[in-house]
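J.: Pasting the sequence and the predicted coordinates here, then a few questions.
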Amino acid sequence: MKITVVGTGYVGLVTGTCLAETGNEVVCVDIDAAKVARMQAGEVPIYEPHLDVIFERNISAGRLTFTTSLQDGLDHGEIIFLALPTPEDEDGSADLSYVLGVAQEIGKYITSYKVIVDKSTVPVGTAEKVRETIAQHTSQAFDVVSNPEFLREGFAVDDFLKPERIVVGSSSERATALMEKLYKPFVRSGNPIIIMDEKSAELTKYASNSFLAAKITFMNEVANYCELVGADVDMVRRGMGTDSRIGKRFLFPGIGYGGSCFPKDVKALQKSGRDSGYDFKMLDAVIDINNDQKVKLIPKIEKYFNGDLSGKTIALWGLAFKPETDDIREAPSLYMIEALLKKGAKIVAFDPEAMDNVKAKYQDKISFASDMYGATDGADALVISTEWSIFRTPNFKKLSDNLKNKIIFDGRNLYDVNDMVNEGFRYISIGRREA
């Protein structure tokens, strides 16, 4: 099939590359000429495990091409995916200007039947707005469907190629048939393609992410309570997770969630509810609690240093909002950096993938190390904010030699408390006793 993907951000590039992997001819459109030139030369502009392999393979096979011309993209594709930014406005709503701007251009340029697919995460009613916008500029037949993505950064390629489910919001039999044909190779194992109306599909994405954010937030609340009463959140988590009604995933406490999806989607659903006269009180609490949780370690660090962080050097392991990505959007590390700098601390950071993004943001306000142990050399304390696998089994002897004080503040509960006692470290984590 001939497919066009408009927008080559995280979702668009993964979508286009993975669709090409099953034999489709895919054209990706982006207005950034320099970015398009880099991709045409075989450079992947984002970090995502395994994407580079299929990216290069499909470019070499001629199934994946890139252009700055929307007209060329529309002439090529029968199915047009819109994978455009929907940034958060000041009031928390999703900014649809990019989506509706491209919809207007589509109306001007299409010369034959097209299926326009909203792949971006958008508020309820967006498909209707896109349909109305296109219809103002064309008499050609077209359909608009909603097809939200459920990609986890760090696992996006596997998530796309082996989806748990595919959600399609469509009121057109013709469009539905084309979408089922496109996705048939991805559901051979029997996972469902769920067809529903457009509004329900749009809400499914927001509801899913908001539920997961709430689950994380609840466990963080439980962890905070554990600290007050002397319970161990790891034991509580295991006891809860074996209940099939609850499940084991998203029960790990820490210093809050971040990234491009959960924070934005929770706020957008909250704002959409208010616009419709409904107050999501639960989401209000989720947002407030998560903001507090991101700096949960700061008072503990201050207490250890008797309230004075001025001139103290803090080694920071992890900058990305989660492992296996270079994405720092809404990362808890950034909130901690801001708080520590305000209190006069110096920061030496290390992250396997995200340092360039943080350097662009902070310039010379913080320092960066070329490896994890370099960050700790001469530091007064170590803070862990991202659970990269390389941090899970460090050389504690080397850490002991490097750090001025044998103290670790762990925002991701990477280590066993008893093991840290045996290693001779002061160890402060989330929802567990201090070592």
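T.: Alright, I've got the coordinates.

J.: Which strands or helices does the longest helix belonging to the chain pack on?
T.: If you go by DSSP state H, the chain has its longest helix at helix 198-229. Here helix 198-229 touches helix 126-135, strand 142-146, strand 166-169, helix 233-241, helix 262-275, helix 281-293, going by 3 or more Cβ pairs under 8 Å, 6 or more residues apart in numbering; DSSP states H and E. Any C-beta I mention is one placed from the backbone N, CA and C, and that applies to glycine too.

J.: Could you point out which of the ones you listed sits nearest residue 210?
T.: Residue 210 lies closest, by Cβ to Cβ, to one member of the helices and strands packed on helix 198-229: helix 262-275, at 5.0 Å.

J.: Now the closest one: buried residues?
T.: Neighbour counts using 16 or more other Cβ atoms under 10 Å place 262, 263, 264, 265, 266, 267, 268, 269, 270, 271, 272, 273 of helix 262-275 among the buried residues.

J.: angle of that helix against helix 281-293?
T.: Angle of helix 262-275 versus helix 281-293, following axes from the mean of the first three to the mean of the last three Cα atoms, to 10 degrees, is 150 degrees.

J.: Please enumerate residues in contact with helix 262-275?
T.: For helix 262-275, the external contacting residues (Cβ atoms under 8 Å, 6 or more residues apart in numbering) are 86-88, 91-94, 121, 123-124, 205-207, 209-210, 212-213, 216, 257, 279-280, 283-284, 286-287, 290, 329-330.

J.: what's the first-to-last distance across stretch 122-142?
T.: One end of stretch 122-142 to the other measures 20 Å (Cα to Cα, to the nearest Å).

J.: what mean pLDDT would you report for it?
T.: Averaged over stretch 122-142, pLDDT sits at 96.

J.: can you list contacts of that stretch?
T.: With Cβ under 8 Å, 6+ apart, stretch 122-142 has contacts from 82, 86, 93-94, 96, 99-100, 103-104, 106-108, 110-116, 118, 144-146, 169, 198-199, 202-203, 206, 268, 272.

J.: Repeat that for stretch 380-394.
T.: With Cβ under 8 Å, 6+ apart as the test, stretch 380-394 has contacts from 254-255, 297, 301, 304-305, 312-323, 331-333, 336, 351-352, 372-373, 375-376, 399, 403-405, 407-412, 414.

J.: Filter those down to the buried ones, PyMOL style.
T.: PyMOL command restricting the contacts of stretch 380-394 to the buried ones, with burial defined by 16+ other Cβ under 10 Å:
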select buried, resi 254+255+297+301+304+305+312+313+314+315+316+317+318+319+320+321+322+323+331+332+333+336+351+352+372+373+375+376+399+403+407+408+409+410+411+412+414
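
J.: Okay, and which of the contacts of stretch 380-394 map to strands?
T.: Secondary structure assignment by DSSP state E places 313, 314, 315, 316, 317, 407, 408, 409, 410 of these in strands.

J.: Distance to residue 176 added to the residues you listed, as a markdown table?
T.: Formatted as a markdown table, these follow (distance: Cβ to Cβ, whole Å):
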| residue | distance to residue 176 |
| --- | --- |
| 313 | 59 |
| 314 | 54 |
| 315 | 54 |
| 316 | 49 |
| 317 | 48 |
| 407 | 59 |
| 408 | 54 |
| 409 | 52 |
| 410 | 49 |
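
J.: Which residues are in contact with residue 294?
T.: Taking Cβ under 8 Å, 6+ apart, one finds 255, 256, 258, 332, 335, 336 in contact with residue 294.

J.: let's go with 10 Å and repeat that
T.: For residue 294, the contacting residues are 254-258, 330-336, 338-339, 385, 411, by Cβ atoms under 10 Å, 6 or more residues apart in numbering.

J.: ditto for residue 173
T.: So residue 173 contacts residue 143 (Cβ under 10 Å, 6+ apart).

J.: From residue 24, how far off is residue 184?
T.: 12 Å (Cβ to Cβ, to the nearest Å).

J.: So for these two, which sits in the more crowded spot?
T.: Per other Cβ atoms under 10 Å, whichever of residue 184 and residue 24 has more neighbours is residue 24, with 19 against 12.

J.: Tell me if I'm right that the more buried one and residue 16 touch.
T.: Yes: counting by Cβ atoms under 10 Å, residue 24 touches residue 16, with 9.1 Å between them.

J.: shared neighbours, those two?
T.: Listed contacts common to residue 24 and residue 16 are 3, 58, 63, 64; contacts here mean Cβ under 10 Å, 6+ apart.

J.: Out of those residues, list just those in helices.
T.: Residues from the shared contacts of residue 24 and residue 16 lying in helices, with DSSP H as the criterion: residue 58.

J.: pLDDT below threshold where in this protein?
T.: The chain contains no residues with pLDDT under 70.

J.: Break it into its domains for me.
T.: Here the domain assignment for the chain is 2-194, 205-292, 294-428, based on automatic domain parsing.

J.: Quick one: end-to-end length of the last one, please.
T.: Start-to-end span of domain 294-428 (Cα to Cα) is 15 Å.

J.: Please apply the same query to the shortest one.
T.: The separation between the terminal residues of domain 205-292, taken as Cα to Cα, is 25 Å.

J.: next one: the longest one
T.: According to Cα to Cα, domain 2-194 extends 23 Å from its N-terminal end residue to its C-terminal end residue.

J.: just to revisit the earlier point, okay, the buried residues of helix 262-275 in CSV with distance to residue 35 next?
T.: Shown next, in CSV, are the buried residues of helix 262-275 (distance: Cβ to Cβ, whole Å):
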residue, distance to residue 35
262, 26
263, 25
264, 22
265, 25
266, 29
267, 28
268, 26
269, 31
270, 33
271, 30
272, 31
273, 36
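
J.: Looking at those residues, which is nearest residue 48?
T.: residue 262 (17.9 Å).
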